[in-house]
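Enquirer: take this sequence and fold it.
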Amino acid sequence: MAEIRVVPLGAGQDVGRSCIILTIGGKNIMLDCGMHMGYNDERRFPDFSYITRTGTLTDHLDCVIISHFHLDHCGALPYMSEMVGYDGPIYMTHPTKAICPILLEDYRKITVDRKGETNFFTSEMIKTCMKKVTAVHLHQSVQVDDDLEIKAYYAGHVLGAAMFHMKVGAQSVVYTGDYNMTPDRHLGAAWIDKCRPSLLITESTYATTIRDSKRCRERDFLKKVHDSIDKGGKVLIPVFALGRAQELCILLETYWDRMNLKVPIYFSLGLTEKANHYYKLFITWTNQKIRKTFVQRNMFEFKHIKAFDRAYIDNPGPMVVFATPGMLHAGLSLQIFKKWAPNENNMVIMPGYCVAGTVGHKILNGSRKLELENRQTIEVKMSVQYMSFSAHADAKGIMQLIRQCEPQNVMLVHGEAAKMDFLKQKIKQEFGIECYMPANGETVSMTTPSNISADMSLNLLKTEVSLTGPQPPDPKKPRIMHGALVIKNDKLQLISPAQAMDELGIEEHQIRFTSAVTVEYVGDVAKAADRIYHYVKSKLKDFPVQQSADNSISVSESVLIKVSGEDEDVEKGVLVSWSYKDEEVGSYLLRLLKMGLPST
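Expert: Here you go, the predicted structure:
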């Protein structure tokens, strides 16, 4: 039995600071390296001293994999590689490699330039870190070393997000990162092969949620925005630069067009241009509709949405503003929120999940008086709305992914403990497989059966096809194949017993198992044999059953049934004989005949 070991340094029964250490086949892999939005001290980064207290991490990690560009999955990467020290390979997709440094630099500016924090990575460190990155294509098998192979699959969620399949020998693990099983206005749905991994590590942000119809949610969102601007109010929509932002911009742009509205819509300066640039560059990562219409019209060039200037905050009259970041924990969105919160005509719409500790989380939980840094107090009179436009899989989506890839074990990360526990029980109940949900710093070890691969001789394969037909075998109904396992040229080979004995110069001896049973049948022996033939044929539909002129019946390769006795005798003797190859069929037939023949 081989062992797989997993330790979350972040995202264990928590959302944020995703960082999971996986040991598979003796290889150590770091899955994501994120920061926590809810902390401003050393807790914002994973505790890398868990890996080693002395020296760099290079000697202890075989590779680092980043699933997508969100900061809770990549925000600690320059700190880990440049300040703690790691020079090994880092893998991510091409869009993630392009967008990651921009968001990391934004994060650095907010933390260092505005808040004046020290002990933080520099712009130079971000550049040096990104030079260590190897970009991968979807479905491309990458050989990290002689034993470890990785492959990326489309995850939806945001531009460039990927699930990774890691394989060492017969063991394999799928890490989902964040994913979405339903397509949206600009991205497709996540997809993966039926790869049957030893372990599936999946996010569980919305472990107990089953989302309502997307169309109803969009209608509700547009109505709320329209009602607010009709009253002369201002609408703030905190978003992250790429992802939900584009989704909601496309939605408002088409609505403004349809309704011929003149109220201004703004987006954080600089980020729209960058976002549009990357969506054009990586158009193949978007959904089919956008790819089809891209030549005639670029969906990301907005007619109604203009760049926002900080001077507009105090402008009179209604407006809609998309501002970053999405959880109101810093930056422009928090600055606008502070100004607009005391006015009851204004509205803030939170379109996604908010981590505990952020201002977004506090107001969604009903806080109407907030104490911010520098003992500043804010009275929240504006309307606070939560509308899930989150690009995470809901409970239904998580179950769908498990069904799709058929893992032997499941591990839940990136979620809240109580919700995880509910989903864990559901998974165990529905799929009958083990499900784990470790806390940060908790080690989970699991043993997985070791599969040994062997080459198979063509003769043996032909014999098997002649017995069972040309259809591929059903994985849910495993069959026993009889052959001789030999080692040739340091390789395992499965050959027919006849070939093995011929090559070894051994004479073949056959052992047959024979057992006698009596059955009650009034009539001659030939008719008794005919009755047994039809009875066996009706019970063994998938096996070849034949009757000879001497009234003997043959089943499969070696099973033989002979009926004997006098015509006038009520009891007939039946001899059932088989070789070791057909032990299962022979034993079954013996049990069947011992129970007697049916009356008709």
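Enquirer: helices or strands up against the worst-scoring helix or strand of the chain on mean pLDDT?
Expert: Every helix and strand of the chain was ranked by mean pLDDT, DSSP states H and E. The lowest is helix 271-281, at a mean of 74. Contacts defined by 3 or more CB pairs under 8 Å, 6 or more residues apart in numbering; DSSP states H and E place helix 271-281 against helix 94-108, helix 244-259, strand 305-308. Bear in mind the C-beta positions are built from the backbone N, C-alpha and C, glycine included.
Enquirer: what does the following helix or strand past that helix contact?
Expert: Per DSSP states H and E, the first helix or strand lying C-terminal to helix 271-281 is helix 288-293. Contacting residues not belonging to helix 288-293 are listed as His186, Gly188, Ile283, Thr284, Met299 [CB atoms under 8 Å, 6 or more residues apart in numbering].
Enquirer: buried residues of stretch 161-172, list them for me.
Expert: Going by neighbour count (16 or more other CB atoms under 10 Å), the buried part of stretch 161-172 is Ala161, Ala162, Met163, Phe164, His165, Met166, Lys167, Val168, Gly169, Gln171, Ser172.
Enquirer: for the residue nearest the centre of the chain, phi and psi?
Expert: Central residue of the chain (CA atoms, centre = their mean): Thr176, 3.6 Å from the mean position. Note on Thr176: backbone dihedrals following degrees, to the nearest 10 are phi -80, psi -20.
Enquirer: so it versus Gln547, what's the distance?
Expert: Per CB to CB, to the nearest Å, Thr176 is found 56 Å from Gln547.
Enquirer: just Asp569 next, same as before
Expert: 21 Å.
Enquirer: likewise Val142?
Expert: When Val142 is compared with Gln547 (using CB to CB), they lie 58 Å apart.
Enquirer: do Ser466 as well
Expert: Ser466 is 20 Å from Gln547, by CB to CB.
Enquirer: higher neighbour count, these two?
Expert: Gln547 (17 against 11; other CB atoms under 10 Å).
Enquirer: give me the beta-bridge partners of that one?
Expert: Beta-bridge partners for Gln547, by DSSP bridges, are Ile553.
Enquirer: Validate this expectation: Asn196 resides in a strand.
Expert: Rather than Asn, residue 196 is Arg. No. Counting by DSSP: H, G, I helix; E, B strand; the rest coil, Arg196 is not found in a strand; it is coil.
Enquirer: who touches it in this structure?
Expert: Shown in contact with Arg196 (CB under 8 Å, 6+ apart): Cys405, Glu406, Pro407, Gln408.
Enquirer: rerun that using 7 Å as the cut-off
Expert: The contact partners of Arg196, taken as CB atoms under 7 Å, 6 or more residues apart in numbering, are Cys405, Glu406, Pro407.
Enquirer: kindly report the same for Tyr436.
Expert: Met411, Val444.
Enquirer: distance of it relative to Gly25?
Expert: Noted for Tyr436: a distance of 19 Å to Gly25, by CB to CB.
Enquirer: repeat that for Glu406.
Expert: From Glu406 across to Gly25, the span is 20 Å (CB to CB).
Enquirer: these two: who's more crowded?
Expert: Between Glu406 and Gly25, Gly25 has the larger neighbour count (other CB under 10 Å), namely 17 against 14.
Enquirer: buried stuff in stretch 310-318?
Expert: Per 16+ other CB under 10 Å, stretch 310-318 contains these buried residues: Ile313, Pro318.
Enquirer: for stretch 444-452, same thing?
Expert: Across stretch 444-452, burial judged by 16+ other CB under 10 Å covers Val444, Met446, Thr448.
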